[in-house]
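J.: compute the structure for the input listed below.
(chains A and B)
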Amino acid sequence: MNRINQKLEEDKKLLSIYFTAGYPSLNDTAQVIEDLEKSGVDMIEIGLPFSDPLADGPTIQESSTAALKNGMTTNVLFEQLKDIRKSVHIPLIIMGYFNPMMQYGVEAFCAKCQEIGIDGLIIPDLPVAEYHEHYQETFEKYGLINVFLITPQTSDERIRFIDSVSNGFIYMVSSASTTGAQSEFGDTQKQYFDRIDALQLKNPQIVGFGISNNETFRQATQTAKGAIIGSAFIKHLTNKGVDTIDSFIKEIR
Amino acid sequence: MKYQANEKGYYGDFGGAYIPEMLYPNVEELRTTYLDIMNEPSFKEEFNQLLKDYVGRPSPLYYAKRLSEKHNTKVYLKREDLNHTGAHKVNNTIGQILVAKKLGKNRIIAETGAGQHGVATATVCALMGIECIVYMGEIDIKRQAPNVARMKMLGAEVRPAKSGSKTLKDATNEAIRDWINNPVDTHYIIGSAIGPHPYPDMVTRFQSIISEEIKWQLKEKEGRENPDYVVACIGGGSNAAGTYYHFLDEPDVGIIAVEAAGKGVNSGESAATSQLGKEGIIHGCRTLLMQTPDGQITEPYSISAGLDYPGVGPLHSHLYKTGRGEFYSVTDDDAMTAGLELSQLEGIIPAIETSHALAIFNDKKFKADDIVVISLSGRGDKDLNTYIDYFKL
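T.: Now for the predicted structure:
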C-alpha cells in the first residue's frame, strides 16, 4: 500500500509541509526533509522549482528563483533524494509544474520517483482531463498517486469527477488565491469547508493555501483530514534558517 | 478547415489549456461562450461599427511601388499601422472588451511588453468606462516610458511585474496570478495568440479581419483574392495569425513567418523560437518555447520589445511543424536597415517588429510577377528613440 494511503488511514489530523528543494542552500534538501520528519510532520511536499510558477505567490516565487540560482535541477534533486528512504519513512510528494517533468520525460520522471521512493505528485498546471487521457496509466504503473486541486469556485459536478479520478487525497485550495495570500479564514471559507464535507467524497481532503499557524491549522482541519503549510514555512526558513525547524512545527500543533 | 483549433483547442500537437484548477472556471466560462458571443448579430454589429468608426477600418492595402521596384516583385502593405493606437493590437482588444461586457465583467487586466497591447487595452477600457490594470515588467516600464504615460493618461493602472526576469513573460505570470485572485469579476485580455484555449483561437478570430480585408482589397486591385505570399513578423504571433487566417487552407498562398534573430540565432541573444525552442508548456499552452534542457523558460532577446517572447502561439508551432509556414529569422541589424529602407522609399516609418517582416527580401527572392502582401503591423513612433540611437540620427 502506498505510504500516502496508509497515512490517511491514521486516526489523526495530518500536518503536511511544503518546501522548495534547494532552498535556502542547494544541499539543504535532504536535511530539511529529515528534520521535518523528526519534528513530527506527517507528510512532505518537495517543491521542484520552476522559472514561471504561476499559481504561486511571492514567497514561493522567490524561493524558487533562489533555488534555481543555487543550481537546482531535476537531476540534482533526484541525486539529493537517492538515499532518502534510508532515513525517512513518511510520505513524500514532489510538487512542481509540468514543463520540467515533460522535458525530463514523463515516464522517465515517474520511474525515477518510484526508484527513489516518492509516493505522489502534485502538478498544478496539469489539468485533470489531460492527466486522465494521457498520463494516468503511466503514473499508476509506477505506483504514484496524483493529487488534484479544488477551489471554492470548483463546481460540485467537477469535484465529483476529480474525486473519481483521485486515489489518495484531494488538495483543497482554501480560497481564490495564489499561495501565501491569506492571513486568516472567514465565513466564506467555513461555508466552503462545510460544502465540501457534505459531498461525502471518497478521497479525504487536505487544505492548503493560507495555513500559517496553530489557529488556521485548527480551523482548516475541523472538517478536513489535514492541512498543508507552505509559504509560512518558507518564510521561517528565510528568516531563521534550517536549524529551528522543530520549533516552527511545534507551534503549529 | 485543416488549420483550425479543434474543440479542445489543439492545432495538431499544440495548444490545449494547461492551467491550474484555480483558473478553470474562468477559462471554462470563456471556452463555452466565446463562439456563441462572437456569432451573435448584436455583437457583430457593435464590433464592426467600432472597427469602422473608432479604429478606422478597413485599413488600406497599399501598393508599395518603389519598394516593389527595388526588390523586383509586387509588394502590397496591409496598413495596420494606420489603426487607432498605431498597431493591429486594437482589433483584438475591441473584440475582447465586448466579450467581457457580455460576460458581465467589470474589471480588466492585461499584460504588456512594449506597451502596445497595454495601450490598446487601456484605450478600450476608457471607451467602455471599465477599470483597467496593466501588468508590465519593471524593466520594460523603464524602457518604454512613453507608453506607460499613455496608459496612465487613459486612466489605467500600470503595475510593475517584479518577479523573475521582470519582462513580458513575468508580466504575463502576474496577470495570470491576478486572475487567480479575482476569479469572478475580472476578464483577462491576452494580447497575443497565446495562452490557454480558447485564447489563441479567439485572438486569431478577432485579428482575422486583416486577411478578410486583404482578400476583397486585392480582388479590387488585382482581380484575384489570393496573393502568392503573405508575410508577417512573429513574437507571440497575433498579427501573423490574423494575416494568415483566411489563407491557411489556400495551398497556393505561401505563408511566411519572420522571427527575431536578435544578435544572431546562435548568439545566445535571440528570440527565434522556432529555431531555438522545444515543445513544452508556457502560459497555459503546449507550444514551442525557449527553455533550458531542464525545462526552465529562458529569457529571449530582440531589439524589438514586441518580439521579445520566449514562446510562439500554438497555431504557428503547428504551421512550422507541418511545413505549411516558411519560417525565417532576421537579426536586429537587418531589421533596422529594412525599417530605414521603408521610411526612405515609401515615407512610412514602421515599428521595429514590422521591420523584421520587411527584411524578408534579404532571405527570400520573389518572382517579378509574385504578389507579396506584408502585414505592416505597427507604426514606428514608439521606436523613434531606438532608431535614433541605432542610426545616430
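
J.: okay, CA-based contacts and neighbour counts for the rest of this
T.: Fine.

J.: the residue in the stretch 201-350 of chain B positioned nearest to chain A in helix, strand or coil?
T.: Going by CA to the nearest CA, chain A is nearest to residue B:295 of the stretch 201-350 of chain B, at 4.2 Å. When classified by DSSP: H, G, I helix; E, B strand; the rest coil, residue B:295 comes out as coil.

J.: now do the contacts for it.
T.: A:99, A:100, A:101, A:102, A:103, A:104, B:280 (CA atoms under 8 Å, 6 or more residues apart in numbering or on different chains).

J.: buried subset of the residues you listed?
T.: Buried members of the contacts of residue B:295, scored by 16 or more other CA atoms under 10 Å in any protein chain shown, are A:99, A:100, A:101, A:102, A:103, A:104, B:280.

J.: of the residues you listed, which pair is most distant in space?
T.: Pairwise distances across the buried ones among the contacts of residue B:295 (CA to CA) peak at 11.0 Å, for the pair A:104 and B:280.

J.: over to residue 149: give its phi and psi.
T.: I went with chain A, as the question did not name one. phi -100, psi 150 (degrees, to the nearest 10).

J.: gap between it and chain B?
T.: According to CA to the nearest CA, to the nearest Å, residue A:149 stands 6 Å off from chain B.

J.: can you check residue A:179 too?
T.: Distance from residue A:179 to chain B, by CA to the nearest CA: 10 Å.

J.: residue B:222: neighbour count?
T.: A total of 12 residues lie near residue B:222 under the criterion other CA atoms under 10 Å in any protein chain shown.

J.: rewinding a little: with pLDDT and secondary structure added, can I get the buried ones among the contacts of residue B:295 in JSON lines?
T.: Shown next, in JSON lines, are these (pLDDT from 0 to 100; DSSP: H, G, I helix; E, B strand; the rest coil):
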{"residue": "A:99", "pLDDT": "98", "secondary structure": "helix"}
{"residue": "A:100", "pLDDT": "98", "secondary structure": "helix"}
{"residue": "A:101", "pLDDT": "98", "secondary structure": "helix"}
{"residue": "A:102", "pLDDT": "98", "secondary structure": "helix"}
{"residue": "A:103", "pLDDT": "98", "secondary structure": "helix"}
{"residue": "A:104", "pLDDT": "98", "secondary structure": "helix"}
{"residue": "B:280", "pLDDT": "98", "secondary structure": "strand"}
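
J.: quick check: closest non-adjacent residue to residue A:212.
T.: Excluding its sequence neighbours, the residue lying closest to residue A:212 (CA to CA, 6 or more residues apart in numbering or on different chains) is residue A:232, at 5.2 Å.

J.: longest strand anywhere in chain B?
T.: strand B:254-262 (DSSP state E).

J.: partners of that strand in the sheet?
T.: Using DSSP bridges, the strands paired with strand B:254-262 in its sheet are strand B:229-233 (parallel), strand B:325-331 (parallel).

J.: turn those into a markdown table, columns for distance to residue B:154 and mean pLDDT.
T.: Listed next are those as a markdown table, based on distance: least, CA to CA, whole Å; pLDDT from 0 to 100:
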| stretch | distance to residue B:154 | mean pLDDT |
| --- | --- | --- |
| strand B:229-233 | 28 | 98 |
| strand B:325-331 | 34 | 98 |
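
J.: which of these is buried the deepest?
T.: Ranked by average neighbour count under the criterion mean count of other CA atoms under 10 Å in any protein chain shown, those are headed by strand B:229-233 at a mean of 27.

J.: how close does residue B:174 sit to chain A?
T.: 7 Å.

J.: list the contacts for the residue lying closest to residue B:186 once chain neighbours are set aside?
T.: Excluding its sequence neighbours, the residue lying closest to residue B:186 (CA to CA, 6+ apart) is residue B:107, at 4.7 Å. Listed by CA under 8 Å, 6+ apart, the contact set of residue B:107 reads B:130, B:131, B:132, B:185, B:186, B:187.

J.: what do you get for residue A:234?
T.: Contacts of residue A:234 by CA under 8 Å, 6+ apart are A:19, A:20, A:59, A:60, A:63.

J.: just these: which are in helices?
T.: Of these, the ones assigned to helices by DSSP state H are A:59, A:60, A:63.

J.: who touches the first one in this structure?
T.: When contacts are counted by CA under 8 Å, 6+ apart, residue A:59 touches A:180, A:231, A:234, A:235.

J.: so stretch B:275-289, near chain A or not?
T.: Yes - counting by CA under 8 Å from any CA of the partner chain, chain A is contacted by stretch B:275-289 at B:280, B:281, B:282, B:284.

J.: for the chain, what spans make up the strands?
T.: All of this refers to chain A. So, for chain A - with DSSP E - the strands run A:14-20, A:43-48, A:92-96, A:120-122, A:145-147, A:149-150, A:170-173, A:205-208, A:226-229.

J.: that answer is for a different chain, and I need it for chain B
T.: With DSSP E as the criterion, chain B has strands spanning B:10-11, B:14-15, B:61-63, B:74-78, B:107-112, B:131-137, B:157-161, B:186-189, B:229-233, B:254-262, B:278-282, B:285-289, B:325-331, B:371-375.

J.: JSON lines for these, including distance to residue B:206?
T.: Below are the strands of chain B laid out as JSON lines (distance: least, CA to CA, whole Å):
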{"stretch": "strand B:10-11", "distance to residue B:206": "18"}
{"stretch": "strand B:14-15", "distance to residue B:206": "18"}
{"stretch": "strand B:61-63", "distance to residue B:206": "19"}
{"stretch": "strand B:74-78", "distance to residue B:206": "16"}
{"stretch": "strand B:107-112", "distance to residue B:206": "16"}
{"stretch": "strand B:131-137", "distance to residue B:206": "20"}
{"stretch": "strand B:157-161", "distance to residue B:206": "25"}
{"stretch": "strand B:186-189", "distance to residue B:206": "12"}
{"stretch": "strand B:229-233", "distance to residue B:206": "16"}
{"stretch": "strand B:254-262", "distance to residue B:206": "19"}
{"stretch": "strand B:278-282", "distance to residue B:206": "22"}
{"stretch": "strand B:285-289", "distance to residue B:206": "19"}
{"stretch": "strand B:325-331", "distance to residue B:206": "21"}
{"stretch": "strand B:371-375", "distance to residue B:206": "15"}
